[in-house]
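A.B. asks: next input, structure requested:
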Amino acid sequence: MTAKPPGGEHPVNTRDPMSIPDVQSSKDSRQLPINKVGIKSIRHPVKVLDKTGGVQHTIATFNMYVGLPHNFKGTHMSRFVEILNSHEREISVESFESMLRDMVKLLEAETGHIEMSFPYFINKEAPVSKVKSLMDYDVTFTGEILEGGRYRQTTKVVVAATSLCPCSKKISDRGAHNQRSHITITATTNAFVWIEEIVQMAESQASCELFGLLKRPDEKHVTERAYDNPKFVEDIVRDVAGVLNADPRIDAYVVESENFESIHNHSAYALIELNKKQF
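C.D. replies: Residues are numbered from 1 along each chain as shown. Take a look at the predicted model:
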């Protein structure tokens with residue numbers, strides 16, 4: 001079977017893949033390399049090993065890019081999907097680097113970048129009643145192949161917690177206002193760090209951690225715990241940064257806290273960023 005192209009060009013034999021033009025691989029004369037080119041927001045099943053020894057099967061959203069040299073017109077977008085499908089359901093934290101290196105090799109690139117975002121669940125025990133319930137956390141793994149072939153991985157975890165205002169507690173005759181906070185840790189690591197460990201680094205420095213299920217004795221406990229442990233948004237990021245500074249597995253980090261204020265129609269926000277290798 002042949003297809004007759006417009007303009008009187010030579011017909012293309014659609015049954016012969018070798019006769020179909022590969023436009024992406026053609027030369028480009030503009031002399032402009034592209035830092036990242038690829039696909040975004042493709043979902044794929046993955047499995048994630050948790051600290052208890054179990055495996056969580058979940059759906060992740062992937063962003064996949066490579067660097068494109070100045071002399072190539074385009075990259076082969078279909079090959080990104082081929083990489084995901086070739087691993088079927090075997091994509092995991094442990095296979096992340098090998099998948100990234102496979103992608104760079106298949107697309108004949110020097111640099112590559114994969115982001116994998118997914119919900120992660122931890123079975124938490126209430127502080128007094130000991131009832132168990134699941135808490136969910138937003139997690140993103142980012143892997144990069146840098147120039148020279150060096151691999152770098154970062155882990156980002158968003159942790160919901162409680163913050164209680166020290167100023168409100170100080171000036172009020174009755175109670176103090178509190179709010180839910182999002183503490184976000186983005187850590188560049190040189191060794192394996194469990195997601196649960198990063199969650200604990202954040203929760204331990206909040207006024208109080210959150211739980212999916214609380215009985216009345218638990219509710220009393222967490223309310224009083226927050227009241228006895230007031231934190232400004234500035235306090236939270238500084239205290240979390242202190243924990244990250246003390247962990248030798250973490251080379252660099254960004255810690256953020258956003259407090260969704262209960263008495264204002266805006267959020268309070270703070271951020272600390274540090275590359276420990278520079279010191």
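A.B. asks: every contact and neighbour count from this point should use C-alpha atoms.
C.D. replies: Will do.
A.B. asks: off-centre distance for stretch 95-102?
C.D. replies: Centre-to-centre, stretch 95-102 and its host chain are 16 Å apart (C-alpha atoms, centre = their mean, to the nearest Å).
A.B. asks: using PDB, write down the CA coordinates of it.
C.D. replies: Only the C-alpha atoms of stretch 95-102 are listed here, as PDB (Å, rounded to 0.1, in the frame of the first residue of the first chain):
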ATOM      1  CA  SER A  95      14.400   1.300  39.600                       C
ATOM      2  CA  PHE A  96      14.100   5.000  39.100                       C
ATOM      3  CA  GLU A  97      17.800   5.600  38.200                       C
ATOM      4  CA  SER A  98      18.000   2.700  35.800                       C
ATOM      5  CA  MET A  99      14.800   3.900  34.100                       C
ATOM      6  CA  LEU A 100      16.200   7.400  33.700                       C
ATOM      7  CA  ARG A 101      19.400   6.000  32.200                       C
ATOM      8  CA  ASP A 102      17.500   3.800  29.800                       C
END
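A.B. asks: run through who's touching it.
C.D. replies: Stretch 95-102 is contacted from outside by I83, I91, G112, H113, I114, G143, E144, I145, Y151, using C-alpha atoms under 8 Å, 6 or more residues apart in numbering.
A.B. asks: now do stretch 229-238
C.D. replies: Contacts for stretch 229-238 (C-alpha under 8 Å, 6+ apart): 163-166, 169, 205-208, 255-259, 268-272.
A.B. asks: kindly recompute the last result at 7 Å.
C.D. replies: With C-alpha atoms under 7 Å, 6 or more residues apart in numbering as the test, stretch 229-238 has contacts from 163-166, 205-207, 255-257, 259, 268-272.
A.B. asks: next, the buried residues of that stretch.
C.D. replies: P230, K231, F232, V233, E234, D235, I236, V237, R238 (16 or more other C-alpha atoms under 10 Å).
A.B. asks: okay if I get the residues you listed as JSON lines plus pLDDT?
C.D. replies: Below are the buried residues of stretch 229-238 laid out as JSON lines (pLDDT from 0 to 100):
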{"residue": "P230", "pLDDT": "95"}
{"residue": "K231", "pLDDT": "95"}
{"residue": "F232", "pLDDT": "95"}
{"residue": "V233", "pLDDT": "95"}
{"residue": "E234", "pLDDT": "96"}
{"residue": "D235", "pLDDT": "96"}
{"residue": "I236", "pLDDT": "97"}
{"residue": "V237", "pLDDT": "98"}
{"residue": "R238", "pLDDT": "98"}
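A.B. asks: and those residues, which of them are in helices?
C.D. replies: V233, E234, D235, I236, V237, R238 (DSSP state H).
A.B. asks: out of these, which one sits closest to I263?
C.D. replies: The nearest member of these to I263, counting by C-alpha to C-alpha, is V233 at 14.9 Å.
A.B. asks: any idea how far L164 is from that closest one?
C.D. replies: When distance is defined by C-alpha to C-alpha, to the nearest Å, V233 is 9 Å away from L164.
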